[in-house]
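Participant: Structure for this input, please:
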Amino acid sequence: MHITTELKPTAAQSRFLAGTKPAVSNSVWKPQPCGLTREELRKIVLEQLG
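Facilitator: Numbers count the residues shown, from 1 in each chain. All right, here's what the predicted structure looks like:
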């Protein structure tokens, strides 16, 4: 059995240790329309969920 005693830091911990700030999303971002109606999207989701 392999036992790891030293863990690697997560990406968030690495950024903190490096002193960099996390990326901030653009406040004017808007989703792009996909061309499907809500009913079509609901049908797709229901098919995926079973």
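
Participant: count of residues packed around F16?
Facilitator: Residues contacting F16 under the criterion other CB atoms under 10 Å number 13. From N, CA and C alone the C-beta is placed, and that goes for glycine too.

Participant: Quick check, pLDDT for it.
Facilitator: F16 carries a pLDDT score of 72 in this model.

Participant: One more: T20?
Facilitator: We have a pLDDT of 69 for T20.

Participant: got it, and I44?
Facilitator: 94.

Participant: which strands and helices sit next to the lengthiest helix in the chain?
Facilitator: When the chain is parsed with DSSP state H, its longest helix is helix 38-49. Contacting helix 38-49 under the criterion 3 or more CB pairs under 8 Å, 6 or more residues apart in numbering; DSSP states H and E is no other helix or strand.

Participant: List the neighbours of that helix that are in contact with it.
Facilitator: The set of residues external to helix 38-49 that reach it, using CB atoms under 8 Å, 6 or more residues apart in numbering, is C34, L36.

Participant: can you rerun that using 10 Å?
Facilitator: With contact meaning CB atoms under 10 Å, 6 or more residues apart in numbering, helix 38-49 is reached by C34, L36, T37.

Participant: roughly how far apart are the residue nearest to the second one when sequence neighbours are not counted and S27?
Facilitator: When you say that, I think you mean L36. Excluding the flanking residues, the one nearest L36 by CB to CB, 6 or more residues apart in numbering is I44, at 7.7 Å. Applying CB to CB, to the nearest Å, the value for I44 to S27 is 30 Å.

Participant: Right, I'll leave it there.
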